[in-house]
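Student: Predicted model follows, preceded by the sequence.
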Amino acid sequence: MRVLLLLSSIIVAFLSIAFKDTIITKIELVTTSFYNTNTTTFKDLPLLLPRALYISTKRANMTIPRVIRKAFLAVEQSEGAGARVRRSIGTPQLRNFSPFLMLDHFTIKPGAGFPDHPHRGQETITYLLVGAVDHEDFAGNAGTIEAGDLQFMTAGKGIMHAEMPRQNLDGSANIGMQLWVDLPEKLKKCEPRYRDLRAKEIPNIEIDDEKVHIKIISGQSHGVDSVKELAYTPVWIFDIEIKPGGKIVQNLPEGWNAFAYTLSGSTAFGVGKDKTTIGQYHNVVFEQKGDEVNAEVAEDAKENGHFILVAGLPLDQKVVQYGPFVLNSQEEVYQAMMDFQTHSNGFERAKGWQSEIGKSMIH
């Protein structure tokens, strides 16, 4: 037996030396592939491997369309100071949909908004569709996003800020989407930061004889990559508009949770007997199984189908949320509330702070 073990050790050592360059090359290829396809990491921080890299593999060129798990209307409600939102994620209809915590389709008219408030433990992604929104925080950061722009905000260990609409001369509302994304437990105490993504930075492509227009906010579509390093938790986001008769097949990382939110028109999702036509203001939740989403608009449709398609890497962790605080245990939530009240552990600069834009609210 000892002789066999000795011979085996010699053989393994020989093979390791003989094929060292091949092994190193393979490792480099895998590493390069990961870094080139991961669109949502920050430098100098732990990387979260996309689930597509460690779930069970399937045969090459085999695609599996995702089917609809459920679709429901996002009912309008009041939020903030006079704002109106259609909330879909974060309601009894859809909870525990990691990494997503909340999705609001907001309408903010003059005199309304989201004055000074705190956050801890999550990221917020704001996509403005109409108008302009100012933001300001206790660290001295301030700016404005306009139609077509996005803001990626990482709350980390704590931030206090305000989000207030510009007062449009014609009195019209500011309209957009805000998505809350959970942070991995090991990053919940990171430093807060912002990343504004301007409309001009977002790749736009046309497919299906220009019947389908895609804004690649985050991720990859039809061989085109988005801007990198937007958020810590891997998320893909696409703004898709389909003309009557148009079709799209959008690949998504396998194993990620995914949904579509319909902004206007009617769009059919799925294939064959699973195809379902969904109207305006609905959240369409897809089954996790599969690696592509199929969508089309009927030839005789009266208007284009317009929707946001989002996919994210599920996080294997407990979520305990109390308002703007999203942690992993009840004790951590209590601590966040205490830290905010005592201006400590990340909330030191909240003491006595008041935003300038918050003061401008019309009462």
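Tutor: It's in. Residues are numbered from 1 along each chain as shown.

Student: Quick one: distance of stretch 76-85 to the chain centre.
Tutor: 22 Å (CA atoms, centre = their mean, to the nearest Å).

Student: for it, what is the average pLDDT?
Tutor: Stretch 76-85 comes out with an average pLDDT of 84.

Student: Next, the buried residues of that stretch.
Tutor: Using 16 or more other CB atoms under 10 Å as the test for burial, stretch 76-85 gives Glu79, Gly80, Ala81, Ala83, Arg84, Val85. Using the backbone N, CA and C atoms, a C-beta is placed for each residue, glycine as well.

Student: contacting residues around it?
Tutor: Applying CB atoms under 8 Å, 6 or more residues apart in numbering, the contact partners of stretch 76-85 are 86-87, 104-109, 111-115, 361.

Student: sorry, back to before: of the buried residues of stretch 76-85, which belong to strands?
Tutor: Glu79, Ala83, Arg84, Val85 (DSSP state E).

Student: related to what we said a few turns ago, what is the nearest of the contacts of stretch 76-85 to Met338?
Tutor: Pro115 (22.5 Å; CB to CB).

Student: What are the neighbouring residues in contact with the closest one?
Tutor: Gly80, Ala81, Ala162, Met164, Ser355, Gly358, Met361.

Student: ok, now with 6 Å
Tutor: Applying CB atoms under 6 Å, 6 or more residues apart in numbering, we find Pro115 in contact with Ala81, Ala162, Gly358.

Student: now for the one helix or strand the second one maps to, which elements pack on it?
Tutor: In this structure, Ala162 is located in strand 159-165 according to DSSP states H and E. If you count contacts as 3 or more CB pairs under 6 Å, 6 or more residues apart in numbering; DSSP states H and E, strand 159-165 packs onto strand 114-119, strand 132-137, helix 356-359.

Student: Does anything pack onto the shortest one? Which helices or strands?
Tutor: Spelled out, that is helix 356-359. strand 159-165.

Student: What angle do strand 114-119 and the strand it packs on make with each other?
Tutor: With axes from the mean of the first three to the mean of the last three CA atoms, to 10 degrees defining the directions, strand 159-165 sits at 150 degrees from strand 114-119.

Student: Let me see the mean pLDDT of strand 159-165.
Tutor: 93.

Student: how close does Ser226 sit to Glu201?
Tutor: Using CB to CB, to the nearest Å, we find Ser226 at a distance of 9 Å from Glu201.

Student: Same drill for those two, tell me which one is more crowded.
Tutor: Taking neighbours as other CB atoms under 10 Å, Ser226 and Glu201 compare with Ser226 leading, 21 against 13.
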